[in-house]
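In: For reference, the sequence and a predicted model appear below.
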Amino acid sequence: ARARAHGGFDDMRAHRRQRLLAALLALVVSQAAASSPRPGAAAATTRSEGQPLLHRLQGQPQPLSRRGRRVRGGLGVTSRRGDGRAVELQGVKGTFPESQDPVTAEPAPFDLPNAKCTVNLFQNATLNSYNKVATSTYSPPSSDCAYHNQEWSRVLLRWRGAVKGVQFDRYGAMWIGGVEVLRTTTPEPDPNGIRWNITRDLTEYSELLRKSDLTAALSIPNVVDSTYTGVLYISADIEFYYDDGTRNNDSSSSPPSSLSSSRPLIIPLRDPVTAAVKESTSPWSIISATAEVQNVWAEFTSPVKDVVRGYIDLYASAHECEEFWYSNVPNKTNETAGLCYGGAQRQLEVRIDGLVSGVAAPFPVIYTGGVNPILWRPLTGILSFDIPPYRIDISPFVGVLNSGKTVNISLSVRAKGGSDWQSVWYLDAVLVLYRSGIKDDMIVGPFPTVRDSGLKAKVTESLSTSQNQTFFTEAERELVVEGHYTSSVTGREYASTTTSRITSTNFNSLTETASLSYGRLTGTYESFFNRTCKSQEGKGAAMAAKMVAVDFPYYVYDDETADNSTMQITADVSYARNITAYAQPLSSPSLQSKPAFNSILLLNKIRSAAIYNRSLTNHSLVNIETGRSEEEFNIASASSPSPLQPVSTPKCYDNRLAASNGEIVNSTQAPGACHFDQWFRLTGSSLYLDESMWAGIDSDWNDASHAKIL
């Protein structure tokens, strides 16, 4: 959208950018009658019907160019034909070809009890304007539900959406009592309309959901007019599940333990819905980090003084020029060519009173309008509907939080290896605070020790011609935070240490007609929690540990070519989200041996390719409009003496889907179900760790809690 389509541009990359934007515009609003492939005109490079669409470039990648990356429309854009003459590409009103409703290979929730109560939040809420915020009033299950007086064990958010006509993918969020519970984007519709569903686990937010008369708010900035006709209809329920001895599958695991003594406090860093009303703006303005103001911050004072462990759930999504941050060129000097800048690596960062308390590697989410919309019909991209928060362990800071002093908490996106990033990230945070559970307890301590290597990045640039460029970026960071604090009642001394290591590599190759971006982000996040008992109640020590390792490889290729009569967009995307989580329960001298590490492995990968070829003179004449995608989602669990010595185990969930031209053509799911024996639970793509199991190993430990780690 930042490409400048005016006369006098000499830079060929700018012309290529303009041409691609116009071509993608025509793809957004191409006539439905033109959806079926026709014999191709003699034009841009095409592949035969028998040749696989999913492919890798052979040999050493050649220098390629910047892609338009997103469908944008509504304007006539000047471009260039193969002979160099200018041509006006004007969008045509219409829609994409029909496709099945969006689906993913994610599993349904495991081990749900059959007894439940349902609270409706929204029923066909209509989102048809940019600043509209739909609201309702939330209260827990009422006496209308037979189980309303019982203690629930699981809580799920069920989201249902519908849209038809012509519409972009739109970003959105939902809040309850100012606490964000979902960050999302919507799919792009077909003429007859599509429906989609999201399931999100809110069990850990139970303490919030016990409150009555909370404002539930839903915002999806949307534009509806004579061109973009898609009105969004959203329904949302919260389902409360109660242990009645029955399950929704053949699980042999025992029921989850009660949450009555283990609910954490759930507090928004800042209530963006209330703040938006006071400031006469939108919630998105409250949580926006921009090139001018690169962080979101608030003053925070803890309402209690006995927090023993603390986390920040950081909701983050990138937009505009930051949407494809991993393909951005290093320097602002390229902006006039329609290129997004700021370098090709990013890190999310949280600071408390100026001290770095946690970092995270962002996953390269691709929304359903990204690169080429035909790529994501009907298999949607990884996390495109449900972007889970990044969990930052701030336990080393709880001694400071418990002091009653007001601290400044700031959220930001860090980049290095180029000029400052541009455009916008939306950053929102929820504090998750676990208490000691001891009457009149006060747990205090000094500021923790922070050892931060800082974000280090190196960019190697190769410029073969004025139009051919390559950039290779390497980045790394290590952060160690160690805090100590003491209980005023028991005399227990606590030590909490978190270690974060992030590395990334990225290769960007740009030419006048195409672009290639590929790379890998890896991160390990370790948390060690020690308790030493020196009071009269006994002596000894206990330790618990957990570690999360993430691996995000990605490969994004697209090419746009044209001759005198025909243009073509070719795209090929392959990326994955691999997570391994380890948890070791509390060990103490009373145990004869250390408990084993329990682990869960999650692998989700997708490969997708699409070609769009149409006439430059007759926009309703589509020669090729084809796409194919494959998705795989695997889960396995294991037990081992060390996270460095994992024990291989068969997959408990293995689902593979294949789609072609808008329809699912193959679905293969291995039989069986995952039973995690209370250690883990999985809902959609979000993984959770049940820390209450740690308490059962040491009866002297009062901090029984359920903590989500991912």
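Out: Arrived safely.
In: any idea which residue sits dead centre in the chain?
Out: Centrality entry for the chain: nearest residue to the mean C-alpha point is residue 387, 3.1 Å, by Cα atoms, centre = their mean.
In: okay, now the residue lying closest to residue 98 once chain neighbours are set aside: neighbour count?
Out: Take residue 98 and drop its neighbours on the chain: the residue closest to it by Cβ to Cβ, 6 or more residues apart in numbering is residue 190, 4.6 Å away. The C-beta positions use only the backbone N, C-alpha and C, and glycine is treated the same way. One way to gauge burial is a neighbour count; for residue 190, by other Cβ atoms under 10 Å, it gives 23.
In: next structured bit after the helix or strand hosting residue 557?
Out: Assessed by DSSP states H and E, residue 557 sits inside strand 540-562. The helix or strand immediately downstream of strand 540-562 is strand 566-587, counting by DSSP H and E.
In: Just want the angle from the helix or strand following that following strand to strand 566-587.
Out: Sequence-wise, the next helix or strand beyond strand 566-587 is strand 597-615, with elements assigned using DSSP H and E. With axes from the mean of the first three to the mean of the last three Cα atoms, to 10 degrees as the criterion, the two stretches strand 597-615 and strand 566-587 enclose an angle of 170 degrees.
In: Give the pairing partners of strand 597-615; include direction for each.
Out: When pairing is defined by DSSP bridges, strand 597-615 lines up against strand 566-587 (antiparallel), strand 622-640 (antiparallel).
In: So which of the ones you listed is the most surrounded?
Out: Comparing those on average neighbours per residue, with mean count of other Cβ atoms under 10 Å, the densest one is strand 566-587 at a mean of 22.
In: Which pLDDT value belongs to residue 670?
Out: Residue 670 is assigned a predicted lDDT (pLDDT) of 78.
In: wait, I meant residue 424
Out: Value listed for residue 424 in the pLDDT field: 93.
In: quick one: it from residue 285, how far?
Out: For residue 424, the distance to residue 285 under the criterion Cβ to Cβ, to the nearest Å works out to 10 Å.
In: In terms of neighbours, single out the busier of the two.
Out: For residue 424 against residue 285, the residue with the higher neighbour count under other Cβ under 10 Å is residue 424, and the figures read 21 against 15.
In: who does the helix or strand encompassing residue 313 pair up with?
Out: Take DSSP H and E as the rule and residue 313 turns out to sit in strand 307-319. Using DSSP bridges, the neighbouring strands of strand 307-319 in the sheet come out as strand 390-393 (antiparallel), strand 424-435 (antiparallel).
In: got these as a markdown table, with distance to residue 612 columns?
Out: As requested, the strands paired with strand 307-319 are arranged in a markdown table below (distance: least, Cβ to Cβ, whole Å):
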| stretch | distance to residue 612 |
| --- | --- |
| strand 390-393 | 34 |
| strand 424-435 | 28 |
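In: To residue 149, which of those strands lies closest?
Out: strand 424-435 (24.4 Å; Cβ to Cβ).
In: next structured bit after that closest one?
Out: Next in sequence after strand 424-435, counting helices and strands by DSSP H and E, comes strand 443-444.
In: quick check, residue 458 in a strand?
Out: Yes: assignment of residue 458 by DSSP: H, G, I helix; E, B strand; the rest coil places it within a strand.
In: Quick check: nearest residue in space to it, chain neighbours excluded?
Out: With Cβ to Cβ, 6+ apart as the measure, residue 474 is the residue that lies nearest to residue 458, at 5.0 Å, once sequence neighbours are left out.
In: per-residue confidence for the one you found?
Out: According to the prediction, residue 474 has pLDDT 95.
In: Between strand 307-319 and the one helix or strand it maps to, find me the angle.
Out: Element membership of residue 474, judged by DSSP H and E, is strand 469-487. Orientation check (the same axes, to 10 degrees): strand 469-487 against strand 307-319 gives 160 degrees.
In: For the closest residue in space to residue 366 that isn't next to it in sequence, give me its contacts.
Out: Among residues not flanking residue 366 along the chain, residue 381 sits closest, at 4.3 Å (Cβ to Cβ, 6+ apart). Residue 381 makes contact with 365-368, 370, 375, 606 under the criterion Cβ atoms under 8 Å, 6 or more residues apart in numbering.
In: Let me know the closest of those residues to residue 276.
Out: Where those are concerned, and distances follow Cβ to Cβ, residue 276 has its nearest neighbour in residue 367, at 23.4 Å.
In: Could I get the phi/psi values of that closest one?
Out: phi -80, psi 170 (degrees, to the nearest 10).
In: pLDDT value on it, please?
Out: Confidence at residue 367, expressed as pLDDT, is 94.
In: Roughly how far does it sit from residue 188?
Out: Relative to residue 188, residue 367 is positioned 9 Å away (criterion: Cβ to Cβ).
In: Equivalent analysis for residue 352, please.
Out: Taken as Cβ to Cβ, the spacing of residue 352 relative to residue 188 amounts to 40 Å.
In: what's the burial count for residue 600?
Out: Residues lying near residue 600 (other Cβ under 10 Å) number 24.
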